[in-house]
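Visitor: Quick one, fold the following:
(one chain, ligands or ions: 1)
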Amino acid sequence: MKRVVFGDDSDRLSHHMNPLVYLASGTTYAIGVTTVKEATGDMKVLVINCGSSSLKYQLFDMETESPLAKGLVERIGIDGSRIKHTKTGQDSVTTETPIPDHKVAVKLVLEALLNENHGILSSLDELSAVGHRVVHAGEKFACSVRLDDVVMAALKECIPLAPLHNPANITGIEAITAALPQVPQVGVFDTAFHQTMPKHAYMYGVPYRYYEEHKVRRYGFHGTSHFFVAHRCAEILGRPIENLKIITCHLGNGSSIAAVKNGVCVDTSMGFTPLAGVLMGTRCGDIDPSIVRFMADKEGSVEKADTVLNKESGVHGVSGISSDLRDIEDGMAKGDERADLAFSMLSYGITKYIGAYAAAMGGVDALVFTAGIGENCTMIRETATRDLAFLGISVDPDKNDFRGEERVISPDGSPVSVMVIPTNEELVIARDTKSLVSA
Ligand code: ADP
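Guide: Prediction:
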């Protein structure tokens with residue numbers, strides 16, 4: 001695992017824990033840890049992913065790294081709120097009940113985990129730690145960290161960088177703190193894995209003061225997923241990740257592509273926000289920035305233009321059908337030209353990024369597809385790689401004809417291994433949480 005060298009960047013808080021800090025992973029150990037409830041043995045870790053009106057959770061047995069239960073609380077603070085809980089191996093149980101805020105949501109999650117029929121815990125004392133997905137850590141954290149007051153203050157400072165996401169993540173952490181004050185908590189950041197990008201890759205061509213004063217730069221997102229699939233890819237190849245050049249394509253509702261060279265991220269397609277990069281479900285991806293001003297004039301405000309670019313653009317905006325690629329495939333089958341156009345734009349964008357990142361790394365050893373589209377859409381994997389034989393990238397149509405499993409889809413003996421690897425961000429969060437509380 002890579003050790004992160006922080007130089008003398010005084011704004012980073014990692015040294016606040018310990019000078020020896022390692023990148024997020026299941027096998028690393030970090031950081032000045034004091035109280036540890038359970039270092040080994042029957043460790044159960046709860047993973048929480050809070051959105052503004054939702055809370056996803058998963059409980060892991062870290063002995064076996066298997067999920068014991070998972071669930072989703074939806075429509076928090078909105079009419080029709082409900083919790084859907086699934087104990088592994090059983091049918092889901094959905095309960096509709098008023099859920100005015102995240103505190104109530106957390107209370108319901110803990111009750112579900114303790115429920116005598118579909119629960120999994122006999123006491124909350126069995127919970128060893130809670131790991132949280134946090135979207136934005138700015139430049140403050142290049143690895144997962146134990147949450148404390150100092151870290152929370154740093155995450156609050158990052159709110160201007162992620163005004164939609166970080167407040168929800170922080171609310172979830174505070175709700176867990178209120179319910180389980182004695183249980184250690186860990187933050188795992190979407191941005192952390194990308195903190196290794198060289199400066200020439202993360203800076204924008206705007207006056208330098210925007211970086212110095214406002215931290216305007218490329219951050220990148222989905223880092224936990226890119227980390228997981230890049231490491232899994234190296235495992236499948238049976239080669240050290242330190243010797244590999246891997247391009248990881250996380251293609252879901254939000255999509256991003258990353259160049260992972262020798263185990264660290266050297267470039268990624270999302271930027272200052274998750275709006276940049278390839279065409280997404282409702283986000284525009286890369287556009288000429290002057291369009292924003294033009295659109296603001298047409299729409300009447302910058303806010304409205306921002307909403308159009310985030311929520312009404314992408315596959316949905318181009319096709320006029322849906323943000324869901326399954327609907328686009330149906331549209332294409334019926335001969336819908338704009339469905340065809342949206343699909344081609346997405347596919348072409350992926351092809352261009354793969355070419356760019358192969359150039360950025362001076363070659364490519366492996367290409368990975370993951371997330372909803374990457375794992376399930378046979379056609380995008382085929383079309384996005386169709387013109388890449390010159391890089392040694394090709395996909396065997398027979399091997400590619402499946403959905404949602406881990407497989408190598410390039411022909412035997414291919415110079416570049418093309419793979420589908422289902423992502424597992426929750427497992428990375430659980431592993432990091434375990435590592436940090438048991439170090
Ligand atoms: P999120 O970014 O919200 O986590 P996911 O990674 O779950 O999203 O991806 C969801 C998207 O995956 C859907 O909107 C859809 O476009 C795509 N998808 C899921 N299943 C298929 C499928 N069988 N064929 C094509 N696309 C699919």
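Visitor: Could you tell me which residues of the stretch 201-350 of the chain lie near the ligand?
Guide: Applying CB under 6 Å from any ligand atom, we find that the stretch 201-350 of the chain lies next to the ligand at 252-254, 281, 324-326. In this view, the C-beta of every residue, glycine as well, is placed from N, C-alpha and C.
Visitor: What segments of the stretch 201-350 of the chain are helices?
Guide: 208-214, 223-237, 290-299, 302-311, 314-319, 325-333, 337-361 (DSSP state H, counting those that start in this stretch).
Visitor: Which neighbouring elements make contact with the fourth one?
Guide: What that stands for is helix 302-311. When contacts are defined as 3 or more CB pairs under 8 Å, 6 or more residues apart in numbering; DSSP states H and E, helix 302-311 sits against helix 290-299.
Visitor: Which positions in the helix it packs on come out as buried?
Guide: Across helix 290-299, burial judged by 16 or more other CB atoms under 10 Å covers 292, 295-296.
Visitor: So out of everything in the chain, what residue is nearest the ligand?
Guide: Gly372 (1.9 Å; CB to the nearest ligand atom).
Visitor: count of neighbours near that residue?
Guide: Applying other CB atoms under 10 Å, we find 19 other residues in the vicinity of Gly372.
Visitor: what residues are up against it?
Guide: By CB atoms under 8 Å, 6 or more residues apart in numbering, Gly372 lies in contact with 251-253, 325.
Visitor: What segments of the stretch 1-150 of the chain are helices?
Guide: 102-114, 149-157.
Visitor: which SS class is the residue of the chain closest to the ligand?
Guide: With DSSP: H, G, I helix; E, B strand; the rest coil as the basis, Gly372 sits in helix.
Visitor: Now do it, the pLDDT please.
Guide: Note for Gly372: predicted pLDDT of 96.
Visitor: Can you give me the neighbour number for Leu147?
Guide: Taking other CB under 10 Å as the criterion, the count of residues near Leu147 is 22.
Visitor: next one: Asp42
Guide: Count around Asp42 with other CB under 10 Å applied: 10.
Visitor: Give me the spatial nearest neighbour of it, chain neighbours excluded.
Guide: Glu63 (6.4 Å; CB to CB, 6 or more residues apart in numbering).
Visitor: wait, the one you found sits on Lys44?
Guide: No - look at Glu63 against Lys44 with CB atoms under 8 Å: they stay out of range, at 9.1 Å.
Visitor: More neighbours: which of those two?
Guide: Legend: neighbour count by other CB under 10 Å for Glu63 and Lys44, higher for Lys44 (20 against 11).
Visitor: Return the residues in contact with that one.
Guide: 59-62, 68, 121, 126-128.
Visitor: ditto for Lys56
Guide: Applying CB under 8 Å, 6+ apart, we find Lys56 in contact with 48-50, 70-73.
Visitor: repeat for Glu425
Guide: The contact partners of Glu425, by CB under 8 Å, 6+ apart, come to 49, 133, 224-225, 228.
Visitor: Out of the residues you listed, who's the most crowded?
Guide: Phe228 (29 neighbours).
Visitor: Not counting sequence-adjacent ones, nearest residue to it?
Guide: Val428 (5.0 Å).
Visitor: Now do the same for Asn169: helix, strand or coil?
Guide: Applying three-state DSSP: Asn169 is helix.
Visitor: Just confirm Ser410 is within a helix.
Guide: No - according to three-state DSSP, the state of Ser410 is coil, so it is not within a helix.
Visitor: burial measure for it, as a count.
Guide: 21.
Visitor: What is the distance between the strand or helix carrying Leu367 and the centre of its chain?
Guide: Assigned by DSSP states H and E, Leu367 belongs to strand 366-370. Relative to the chain's own centre, strand 366-370 is displaced by 15 Å; criterion: CA atoms, centre = their mean, to the nearest Å.
Visitor: Buried residues in it, which are they?
Guide: In strand 366-370, counting by 16+ other CB under 10 Å, buried: 366-370.
Visitor: Can you say which of the helices of the stretch 1-150 of the chain is packed in most?
Guide: helix 102-114 (a mean of 21; mean count of other CB atoms under 10 Å).
Visitor: Summarise which helices and strands that helix is packed against.
Guide: Using 3+ CB pairs under 8 Å, 6+ apart, helix 102-114 sits against strand 55-61, strand 66-74, strand 82-87, helix 166-179.
Visitor: follow-up on the earlier one: redo the buried residues of helix 290-299 as TSV? Include pLDDT.
Guide: Below are the buried residues of helix 290-299 laid out as TSV (pLDDT from 0 to 100):
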residue	pLDDT
Val292	97
Met295	98
Ala296	98
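Visitor: one step back: out of the buried residues of strand 366-370, who's nearest Met419?
Guide: Nearest to Met419 out of these is Val368 (CB to CB; 5.0 Å).
Visitor: Enumerate every residue touching that closest one.
Guide: Contacts for Val368 were tallied using CB under 8 Å, 6+ apart; they are 229-230, 233, 246-249, 374, 418-421.
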